[in-house]
Each structure stands twice: as structure tokens, then as C-alpha cells.
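Engineer: what's the 3D shape of this:
(one chain, ligands or ions: 2)
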Amino acid sequence: MSEPILRAEALGKNFGGLAAVRDVSLDLSPKQIHAVIGPNGAGKTTLINLLSGDLTPTTGRVFFRGIEIEGHALDRIARLGVARAYQRTNIFAGFSVFENCRLAAQARRQPGIRLFRPALAYRDINDAAGRAMALAGVESRATDRASDLSHGEQRQLELAMALATEPQVLLLDEPLAGMGPEEASRIAALIARLGADLAILLVEHDMDAVFNIAATITVMVDGAVLASGTPQAIRADAAVQAAYLGEAA
Ligand SMILES: Nc1ncnc2c1ncn2[C@@H]1O[C@H](COP(=O)(O)OP(=O)(O)O)[C@@H](O)[C@H]1O
Ligand SMILES: [Mg+2]
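Structural biologist: Residues are numbered from 1 along each chain as shown. Ligands and ions are numbered 1, 2, ... in the order given. Okay, here's the model as predicted:
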């Protein structure tokens, strides 16, 4: 096993009296898809918010390449190389696909932009936007308005926008939600391809997709980790079957 790129160590998050995340430890390895599954309310989105820096943990720590990132500002975590696609869309509807990707690329680079000659920085940002569109499969839609895209294509654009920041870790919260079977398998295949180069944390309810593309699966119930392991081990786990997979397995 290679060294983890992102590590959660005994993370906890309380909302008032509710422990939404309890003592969750998890390692993301480079170039691997790590799925987090569990029933609604299990704490999956809260976990992503803790890893992205959108929320500050009540207890525990987060490390990026061995460096603690707890307490760091959100944009700094993003610049370290952790990107997320939001469950709710973050797209500027009236802008083109390319412009949305450029804005995403620029947001990450802004602080360092003085280091470059302006023309070079401009080209750099355009190149990053172009690469991200190609990776996410929205290149052919580059000049179309975001509002003209189908639901599935908008999710692809969200992926492209996350990729435009050139992350090393991608956090995805239910990227297949609301999709028909064809779109879902298209986006799942895309995520699988991205997983060849990136560490991906994938929260998803589509069990076919999860068991097909994840190298590791962590099951959360009531804020805590119930089990973690390979898809085969998770499928065979009696506690997981009883608590969650039950009918599905
Ligand atoms: N900002 C918040 N304030 C209070 N309670 C919250 C907040 N966010 C989530 N919760 C609660 O924390 C628990 C876990 O929620 P969440 O992380 O969204 O679960 P999941 O994504 O697995 O469905 C739920 O009981 C939810 O109601
Ligand atoms: Mg959620």
C-alpha cells in the first residue's frame, strides 16, 4: 500500500447534541476510488464537509500528504489539491461550459497569479480548463451555455470544474443522484477513469456503481464506521448485510 494522500484520524462532528460523525478514521490512497456508503443520515455528507474544510471537526484531525490541514482556510485546502463537486450545483447557468471551467481554474490559481506574466497565466488557465473539459467528456459542449446541458451533462460539467483546479483528491457527494440508468453508467465509467489518476472519495447510493468501481468501501451507520474493506469483503460482511445491504445484497 502506498502512503495515504488524505487521512482522517478519529474525526467527530457534533451538531448540538447530535453526533453526526463519530470517531471516523479513513485513508485515501493515491489513484484509488474509496466509496463511503450508508443509509440517509449516516453522516456521509458531513464527513465530506470535514475533509473539504467546509466544516471544522469537533474532534480528530485531517492530514493531506502527512500535513495536518485542520483549521486551515477552505481556499488553502483547495489549493493544496483537494477539490469537491457539490451535491447542489455550483454552475453559472448563463456562462458557457468553457467559461465555467476557466472560472474554476482561475479561482484556484488566483493567489499565485502574480508569479506569472499575465499572458502566461491566462494561457495556463485556458489550458487547465481545456484539459478538464476533455477529462470530463464535455469538450464538444465547450461553447454551449451551461443551462442548455442535460442533467447528466451538468454533473459532468461539475466534475470538469472540480478537475480544472487540478486536484489530487476529488470528493464526490452522490454524483449519480437523479440520473437514469444510462446516464448513471456513463458517469460511473467516467469516475472510474478519473480514479486511475486521482484519489477519489465517492459517496453514492447506486450500489452497482459503487461495487463496480471502488477499490475500498467504508460503510457508515449512525455517524460511525461499521466496516471498511474490499468490495468482496463488504459484500460478505454479516453486520453490513444486516444494517444496510440487506435486501440489496
Ligand atoms: N448543519 C447541520 N446542522 C444540524 N444537523 C445536521 C447538519 N448537517 C447534518 N446534520 C445531521 O447530521 C446527520 C448526518 O447528516 P448527513 O451527513 O447529511 O448524512 P448523510 O449524508 O449520510 O445522509 C443527520 O442526522 C443530519 O440531520
Ligand atoms: Mg448526504
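Engineer: C-alpha from now on. contacts and neighbour counts both.
Structural biologist: Will do.
Engineer: looks like Gln168 contacts Ile77 (just checking).
Structural biologist: No - look at Gln168 against Ile77 with Cα atoms under 8 Å: they stay out of range, at 11.3 Å.
Engineer: bridged to the residue nearest the centre of the chain, which residues?
Structural biologist: The centre of the chain sits closest to Leu171, judged by Cα atoms, centre = their mean, with a distance of 1.5 Å. Bridge pairing for Leu171 (DSSP bridges) gives the partners Arg84, Leu201.
Engineer: can you pull the contacts of it?
Structural biologist: For Leu171, the contact set (Cα atoms under 8 Å, 6 or more residues apart in numbering) comprises Ile48, Ser52, Val82, Ala83, Arg84, Ala85, Ile200, Leu201, Leu202.
Engineer: and ligand 1, which of those contact it?
Structural biologist: Applying Cα under 6 Å from any ligand atom to the contacts of Leu171, one finds that nothing falls near ligand 1.
Engineer: lowest-confidence entry in these?
Structural biologist: Across the set of the contacts of Leu171, Ala85 stands lowest in pLDDT, at 73.
Engineer: next, count neighbours for that one.
Structural biologist: Counted with other Cα atoms under 10 Å, the neighbours of Ala85 add up to 22.
Engineer: next one: Leu51
Structural biologist: Using other Cα under 10 Å, Leu51 is surrounded by 28 other residues.
Engineer: how about Arg131?
Structural biologist: Using other Cα under 10 Å, Arg131 has 18 neighbouring residues.
Engineer: that one is in what secondary structure piece?
Structural biologist: If you go by DSSP states H and E, Arg131 is part of helix 118-136.
Engineer: and the contacts of that helix?
Structural biologist: Residues outside helix 118-136 that contact it (Cα under 8 Å, 6+ apart): 98, 101-102, 104-106, 109, 113, 139, 142, 156-157, 159-161, 163-166, 190, 194.
Engineer: all helices for the chain, in order.
Structural biologist: Assigned by DSSP state H, the chain shows helices spanning 44-52, 74-80, 97-109, 118-136, 151-163, 181-194, 207-213, 231-236, 238-240.
Engineer: among the ones you listed, which gets the worst mean confidence?
Structural biologist: Among the helices of the chain, helix 74-80 has the lowest mean pLDDT, at a mean of 67.
Engineer: using the record's assignment, carve the chain into domains.
Structural biologist: For the chain, automatic domain parsing gives the domain ranges 1-81+169-249, 89-166.
Engineer: residues of this protein that sit close to ligand 1?
Structural biologist: Proximity of the chain to ligand 1 is confined to Phe15, Ala20, Asn40, Gly41, Ala42, Gly43, Lys44, Thr45, Thr46 under the rule Cα under 6 Å from any ligand atom.
Engineer: out of the residues you listed, who's nearest Ala146?
Structural biologist: Ala146 lies nearest to Thr45 out of the residues of the chain next to ligand 1, by Cα to Cα, at 25.4 Å.
Engineer: skipping adjacent residues, who's closest to the closest one in space?
Structural biologist: Once flanking residues are discounted, Thr45 sits nearest to Asp173: 6.7 Å by Cα to Cα, 6 or more residues apart in numbering.
Engineer: what is the burial count for the one you found?
Structural biologist: 22.
Engineer: now Lys44
Structural biologist: Neighbour count of Lys44, defined by other Cα under 10 Å: 27.
Engineer: cool, Ser140 as well?
Structural biologist: Ser140 - counted by other Cα under 10 Å - has 10 other residues nearby.
Engineer: with Ala243 instead?
Structural biologist: By other Cα under 10 Å, 14 other residues sit near Ala243.
Engineer: what does Gly60 give?
Structural biologist: By other Cα under 10 Å, the residues close to Gly60 number 17.
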